[in-house]
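Novice: This is a predicted model, with the sequence first.
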Amino acid sequence: MNSLIEPDYIHDYQHFEQYVAKLFSKAGWIVETAKNNQPGYDLIVKKDKQVAAVQVKWLKSNVAAPQLLKFADLLDSEEGKKFDFGFFVTTKGFGNPAKALIKAWDKDTKVFCGVASESEIIWLSDRPQKKSTKDIIYNNNKVYFGIFTCKGGVGKTTIAAHLAGAFVLQEFNVALVDLDPEQNLHKLVGDGIFVPNFRGGVGHSIEVFNDRDWDENAAKDCKIVICDCSPAVERNPQELMKKFDYCIIPTTLNPLGINKHGKVIQDTVNKIREFNQKAHLFVVINNYKKINAVKRMEILRRAYLDAYQEIKQTDDKFHCIDPEKACIRASDQLYYWGIHLLENPEEPRSELAFELVGGRCYPRDDFINLADYIETEAGLGVLRT
Ligand SMILES: Nc1ncnc2c1ncn2[C@@H]1O[C@H](COP(=O)(O)OP(=O)(O)OP(=O)(O)O)[C@@H](O)[C@H]1O
Ligand SMILES: [Mg+2]
């Protein structure tokens, strides 16, 4: 497809959906639009006593495996059982992991994947299938998180990915936007992660986008958007920074760093406020080491909380989280997260540091607690409703 002269139907989601409906109609299908808040599919098409759900996926990039898995899951659910097939139609094409999935599904599959071209839908396989729903309701009011500190190596990428993981475990679909030119998120999370719903509903996913491919319509069913920012503020698109509802500012805690970190945080807050006055800003301690020296710990904690008094007085949406209430503890799991990229660069895997050790997982507990703390403290109620 010549990207210089982009055909009309590809411009935006609305045009694309209408165009796909037209193509089905041309091929003899009776086309209906799905209910407005219907998760997982956009059109219903009928022909010769057969009924199919159509997912219209308008994307600026190739379809990723988790996006496809979610649709397959939907078709296996109670909701999906009323359909004989599912058609997954997209704008650009399918990425290699998605293609591998399509290939791996057997001939009984219910999923047909195709790309809309100028005149027809080009199907990838002959009779494509797979797997449920009830809970997610489309809501265009997305909740935006920015993970941003004007300092490298404080844990922005680690926090972005695992906060996304905490939300997926709470049954939200999450879009992760990788704004750092290093593209660490892409290296570590790949195209995304799909978490099946073991209680029988539709699973949820993390979809990863980069700056260029990001568009709200490319992640229609994602309620939460988490941006892993570049520490250089000018590298982050202003339009995105303006959208942040919450901004997480990771920092570390050590006696000699208090003053220096305080300045970095002040600087970070000033930079965010140039573009965005509405966001609640949360300073979170990452790599927190709880030690037995209670008195010393208390001195450090007080010094940290005091360092931000001035900002607090001038900014009522600035929160400095007491590590006793929420923090990300130092953990071997987070420390070694991503080491597989060094061990086996040929076979990158998408995974989070959420595996259980002795029945517990500190990172998982910490991130779920952090998400809950932020929501309660900011009082927006956007995630709970
Ligand atoms: N809670 C933690 N416990 C142990 N190690 C951690 C923790 N958080 C982060 N790390 C380690 O710190 C390293 C740096 O983290 P990360 O890459 O997330 O920081 P960053 O702020 O995104 O860096 P950059 O500015 O380079 O993008 C990681 O490789 C990881 O090993
Ligand atoms: Mg990073």
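Specialist: Now that the structure is in, tell me what you want to look at. Ligands and ions are numbered 1, 2, ... in the order given.
Novice: contacts and neighbour counts: CA atoms only from here.
Specialist: Noted.
Novice: Show me where the stretch 51-200 of the chain has its strands.
Specialist: 85-90, 111-116, 121-123, 143-147, 174-178, 192-195 (DSSP state E, counting those that start in this stretch).
Novice: so how far does stretch 230-250 reach from one end to the other?
Specialist: 13 Å (C-alpha to C-alpha, to the nearest Å).
Novice: avg pLDDT for it?
Specialist: Mean pLDDT, stretch 230-250: 95.
Novice: which residues make contact with it from outside it?
Specialist: 143-152, 154-156, 179-181, 211, 229, 265, 268, 271-272, 275-276, 278-286 (C-alpha atoms under 8 Å, 6 or more residues apart in numbering).
Novice: Check stretch 88-103 too.
Specialist: Under C-alpha under 8 Å, 6+ apart, the answer for stretch 88-103 is 10, 16, 20, 54-66, 68, 71, 111-117, 121, 125, 128.
Novice: buried set for the lowest-mean-pLDDT helix or strand in the chain?
Specialist: Using mean pLDDT, DSSP states H and E, the weakest-scoring helix or strand in the chain turns out to be helix 96-104, at a mean of 75. Residues of helix 96-104 classed as buried by neighbour count (16 or more other C-alpha atoms under 10 Å): 97-99, 102.
Novice: hmm, back to that, go ahead and build a PyMOL selection from the buried members of the contacts of stretch 88-103.
Specialist: To isolate the buried members of those in PyMOL, using 16+ other C-alpha under 10 Å:
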select buried, resi 10+16+20+54+55+56+57+58+59+60+61+62+63+64+65+66+68+71+111+112+113+114+115+116+117+121+128
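Novice: Strands of the stretch 201-350 of the chain, residue ranges please.
Specialist: Under DSSP E, counting those that start in this stretch, the stretch 201-350 of the chain gives strands at 204-210, 224-228, 246-251, 280-288, 318-320, 328-329.
Novice: Any idea which of those strands gets closest to ligand 1?
Specialist: strand 280-288 (3.8 Å; C-alpha to the nearest ligand atom).
Novice: thinking again about what came up before, make JSON lines out of the strands of the stretch 51-200 of the chain and add mean pLDDT and distance to ligand 1.
Specialist: Shown next, in JSON lines, are those (pLDDT from 0 to 100; distance: least, C-alpha to the nearest ligand atom, whole Å):
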{"stretch": "strand 85-90", "mean pLDDT": "94", "distance to ligand 1": "32"}
{"stretch": "strand 111-116", "mean pLDDT": "92", "distance to ligand 1": "35"}
{"stretch": "strand 121-123", "mean pLDDT": "90", "distance to ligand 1": "39"}
{"stretch": "strand 143-147", "mean pLDDT": "96", "distance to ligand 1": "9"}
{"stretch": "strand 174-178", "mean pLDDT": "95", "distance to ligand 1": "10"}
{"stretch": "strand 192-195", "mean pLDDT": "84", "distance to ligand 1": "17"}
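Novice: I'd like the distance between residue 26 and ligand 1.
Specialist: For residue 26, the distance to ligand 1 (C-alpha to the nearest ligand atom, to the nearest Å) stands at 49 Å.
Novice: wait, what's in contact with the residue nearest the centre of the chain?
Specialist: Centroid check for the chain by C-alpha atoms, centre = their mean gives residue 175 as the closest residue, at 2.3 Å. Residues in contact with residue 175 (C-alpha under 8 Å, 6+ apart) are 164, 206-209, 219, 222, 224-226.
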